[in-house]
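[1] Turn this into a structure:
(chains A and B)
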Amino acid sequence: MENYFQKDIETMPVEKIKEMQAEKLVNIVKYVYDNVEYYRDKMNEKGVTPDDIKGLEDLHKLPFLSKADLREGYPYGLLATDLKNCVRIHSTSGTTGKRVVAFYTQHDIDIWNEMCARAIVAAGGTDEDVVQVCYGYGLFTGGAGLDGGSHKVGCLTLPMSSGNTERQIMFMNDLGATIICCTPSYAAYIGETLKEMGYKPEDNKLKAGIFGAEAWTEEMRRDIEKALGIKAYDIYGLTETCGPGVAFECSEQTGMHINEDHFIAEIIDPDTGEVLPEGSKGELVFTALDKEAFPLLRYRTRDICVLTREKCSCGRTFIKMCKPMGRSDDMMIIRGVNVFPSQIEAVLLNEGYAPNYQIMVDRVNNSDTLDVYVEAKEGDFSDKVKDMAEKEKALAGAIKAMLGINPKVHLVAPKSIQRSEGKAVRVIDKRKRLGINV
Amino acid sequence: MEIIMAIKQLSVFVENIEGSLATITDALAEENIDIRAMCVADTQEFGIVRMIVDDAPSAKQKLADKNLFLSVTEVVGVAVDDEPGGLAKAVRLLADNGINLDYMYAFISVSKKYAYVVLRVDDNDAAEKLLSSKGFKIMTDDDVKKM
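    Below you'll find the predicted structure:
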């Protein structure tokens, strides 16, 4: 039987959700216009006033907000309330540029924690569970979000933060953790370490894992589920929108339900900004309906995905987003072809390689080069140079079949690629040093 | 009863990074392992170090403990006359009988009369039978230990 944290809201009829969203939208637009000069200027520039926004059908009239806007407004430019009403900040990892700082009122945090609680309950969590949070605590939203959600559900919370994997495993075993929350790459690493320490997947009490903050594939999900003996659930969020919990997966594991009582999701054409019909692939855009300190109207996430409102077996009525196919800023254009690291990862896992890899892109003699460093399979080493070269060739062929361009594959020793305890750095694009816009 | 004569070779994957080979040789030195024969194959990307040692099981354990990527393969060790044309006889014999040679290398010389070589062929059994039928002495792990 499906469990809900807030059944009335999570299973609300779609028309009711839309009514609620429309009402909240009208109010939040007025609130932002009155309190955020930066966005008011954007609206004025477009000739839109709060009076023009009467319902969901008017949403498209509002200007977009981008990460560049948030950076430009750093630190207080997008703040909508007095600092005395704010109780916390979080900040992006800054992996793609200057950091963005997001502010929270207590009400903002309460809503965020509730959304994380919905995710934990959807993954089978109750107040009898022991939740091990090994997302980083601190500026990163992962630790605080799941920690807060776990408290709301009433679980025993192990605030481990990331790192010190052997200690993670000791607590997991000694305190009987039943749900684990971290990045998927760290979950894979914990699985690997468990095996190395001689544990079998059935030796721990874990039943579920909630993994997010980076793109991962279905193949990686299966690997993690096997290694830890759990069901692995996806969770989605951005620091800008509050953190993890904006969308979460249910037992059906076919996409994440967006918490539509707090967010409106749109899919747009990333090039033209045009709103696309349901079921189209495009860039995900969020409008936050309840945020007080750091409201966002039509925020472009740069995540490429598809929305669907097909009936879900879990009974939830919230629209579902598929696993992001990659962040539009993760996308590389190599020899004119769009390449997402997640596509390469899917090939590796399909071919039986570990999801530990590094992609190096460079430009030599005016031509792009793609080098993929992959750990050889354990126990699959030949004394013949020819055999090793053939393995590399076979893998390069599989990647070419997926991408349409030829990579150079380099097998490296197992466990030699640096493991990540937070977000994994998969791509090194050396073209940037040449000042090439990629 | 068939006597298994093939000797054990350790092959270790080394990345093209400074000090990779030293990691291997240091580990073996620590374990008091004597290297009887060695050859390094290098490509642009990586190298493969192949070795015959006096105690293959201990060496394997030690290197695996150092997280090195390795495998153990059986190869043919053969004694040839240590004189001009000594090796030629053995190699010609294999060639004439259609036995493919992937690679070969020599032991550090321990006798005046014989030179010892390691042969990596596609069919160990056939190579051993053929060579011993023509009077070549085939080495065993025990011979390697006692060298």
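[2] list the buried ones in stretch A:207-222?
    A:207-217, A:219-221 (16 or more other C-beta atoms under 10 Å in any protein chain shown). Where you see a C-beta, it was placed from the backbone N, CA and C, and this is true even at glycine.
[3] Next, residue 68: secondary structure please.
    If you meant another chain, say so; for now it's chain A. helix (DSSP: H, G, I helix; E, B strand; the rest coil).
[4] Break the chain down into its structural domains.
    If you meant another chain, say so; for now it's chain A. Per automatic domain parsing, the structural domains of chain A span A:1-330, A:332-434.
[5] meant chain B, my bad for not saying
    Here the domain parsing of chain B from automatic domain parsing is B:8-72, B:74-146.
[6] What is the end-to-end distance of the first one?
    In this case it means domain B:8-72. 6 Å (C-alpha to C-alpha, to the nearest Å).
[7] now stretch A:250-265: how far from the chain's centre is it?
    Chain-centre distance of stretch A:250-265: 13 Å, with C-alpha atoms, centre = their mean, to the nearest Å.
[8] Can you say which helix or strand has the one residue in chain B that gets nearest to chain A in it?
    Closest contact between chain B and chain A, by C-beta to the nearest C-beta, is at B:Ser11 (3.4 Å). Secondary structure assignment for B:Ser11, by DSSP states H and E: strand B:7-15.
[9] Pull up the pairing partners for that strand, direction included.
    Sheet pairing here is set by DSSP bridges, and for strand B:7-15 it gives strand B:46-53 (antiparallel), strand B:70-81 (antiparallel).
[10] Could I have the CA atoms of the shortest one written out in CSV?
    Meaning strand B:46-53. Taking Å, rounded to 0.1, in the frame of the first residue of the first chain, the C-alpha atoms of strand B:46-53 are listed here in CSV:
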residue,chain,number,x,y,z
PHE,B,46,49.9,2.0,-20.6
GLY,B,47,52.4,-0.8,-20.0
ILE,B,48,52.2,-4.4,-19.1
VAL,B,49,55.0,-5.7,-16.8
ARG,B,50,55.4,-9.5,-17.2
MET,B,51,57.5,-11.4,-14.6
ILE,B,52,58.5,-14.8,-13.6
VAL,B,53,59.3,-14.8,-9.9
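[11] I'd like to know the average pLDDT value across that strand.
    The average pLDDT within strand B:46-53 is 92.
[12] before we move on, what about stretch A:411-422?
    Here the average pLDDT along stretch A:411-422 is 82.
[13] now do stretch A:378-392
    Mean predicted confidence for stretch A:378-392 is 88.
[14] Tell me the buried residues in it?
    Neighbour counts over stretch A:378-392 (16+ other C-beta under 10 Å) mark A:Phe381, A:Ser382, A:Asp383, A:Lys384, A:Val385, A:Met388, A:Ala389, A:Lys391, A:Glu392 as buried.
[15] Check stretch A:85-93 too.
    Applying 16+ other C-beta under 10 Å to stretch A:85-93 flags A:Asn85, A:Cys86, A:His90, A:Thr92, A:Ser93 as buried.
[16] Check the offset of it from the chain's centre.
    With C-alpha atoms, centre = their mean as the basis, stretch A:85-93 stands 18 Å off its chain's centre.
[17] so what's A:Gly315 up against?
    A:Glu2, A:Tyr4, A:Glu10, A:Thr11 (C-beta atoms under 8 Å, 6 or more residues apart in numbering or on different chains).
[18] For chain B, state which of those is nearest.
    Distances from chain B to the contacts of A:Gly315, taken as C-beta to the nearest C-beta, are shortest for A:Glu2 (44.8 Å).
[19] Make sure that closest one is actually in contact with A:His257.
    No - if you go by C-beta atoms under 8 Å, A:Glu2 and A:His257 don't touch, sitting 11.6 Å apart.
[20] Parallel or antiparallel, list what pairs with the helix or strand bottoming out on mean pLDDT in chain A.
    For chain A, the helix or strand with the lowest mean confidence is strand A:337-339, at a mean of 78 (criterion: mean pLDDT, DSSP states H and E). Within its sheet, and counting by DSSP bridges, strand A:337-339 is paired with strand A:332-334 (antiparallel).
[21] now the helices for the stretch 301-438 of chain A?
    A:341-350, A:385-403 (DSSP state H, counting those that start in this stretch).
[22] Can you give me the buried ones in the first one?
    Same thing as helix A:341-350. In terms of neighbour count (16+ other C-beta under 10 Å), helix A:341-350 has its buried residues at A:Pro341, A:Ser342, A:Ile344, A:Glu345, A:Ala346, A:Val347, A:Leu348, A:Leu349.
[23] Can you work out which residues contact both of A:Glu2 and A:His257?
    A:Ala122, A:Cys250, A:Cys314.
[24] could you redo those as a markdown table and give each row neighbour count, pLDDT and distance to A:Gly148?
    Converted to a markdown table, the shared contacts of A:Glu2 and A:His257 look like this (neighbours: other C-beta atoms under 10 Å in any protein chain shown; pLDDT from 0 to 100; distance: C-beta to C-beta, whole Å):
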| residue | neighbour count | pLDDT | distance to A:Gly148 |
| --- | --- | --- | --- |
| A:Ala122 | 26 | 98 | 16 |
| A:Cys250 | 26 | 96 | 20 |
| A:Cys314 | 21 | 95 | 23 |
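[25] Can you add distance to chain B and give those back as CSV?
    Shown next, in CSV, are the shared contacts of A:Glu2 and A:His257 (distance: C-beta to the nearest C-beta, whole Å):
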residue, distance to chain B
A:Ala122, 39
A:Cys250, 40
A:Cys314, 44
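[26] Go through those residues and name the one nearest B:Ala126.
    Proximity of the shared contacts of A:Glu2 and A:His257 to B:Ala126 (C-beta to C-beta) peaks at A:Cys250, which lies at 61.3 Å.
[27] excluding its backbone neighbours, what's nearest that closest one?
    A:Cys314 (3.7 Å; C-beta to C-beta, 6 or more residues apart in numbering or on different chains).
[28] what sits against that neighbour?
    So A:Cys314 contacts A:Glu2, A:Ala122, A:Cys250, A:Ser251, A:Glu252, A:His257 (C-beta under 8 Å, 6+ apart).
[29] Now do the SS call for the closest residue to A:Lys61 other than its chain neighbours.
    Distances taken as C-beta to C-beta, 6+ apart put A:Val48 closest to A:Lys61, at 5.2 Å, once the chain neighbours are dropped. What three-state DSSP gives for A:Val48 is coil.
[30] and A:Val48, what is it in contact with?
    Contacts for A:Val48 (C-beta under 8 Å, 6+ apart) come out as A:Lys61, A:Leu62, A:Pro63.
[31] want to throw those into TSV with secondary structure?
    Listed next are these as TSV, based on three-state DSSP:
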residue	secondary structure
A:Lys61	helix
A:Leu62	coil
A:Pro63	coil
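[32] List only buried entries from those residues.
    A:Leu62, A:Pro63.
[33] Contact residues of chain B facing chain A?
    B:9, B:11, B:13, B:15, B:41, B:43, B:45-46, B:48, B:50, B:67-71, B:73, B:102-103, B:120 (C-beta under 8 Å from any C-beta of the partner chain).
[34] List the contacts of the lowest-mean-pLDDT helix or strand in chain B.
    One helix or strand of chain B scores below all others by mean pLDDT, DSSP H and E: helix B:141-146, with a mean of 86. Helix B:141-146 is contacted from outside by B:Ile7, B:Lys8, B:Arg36, B:Ile52, B:Val53, B:Asp54, B:Asp55, B:Ala56, B:Gly77, using C-beta under 8 Å, 6+ apart.
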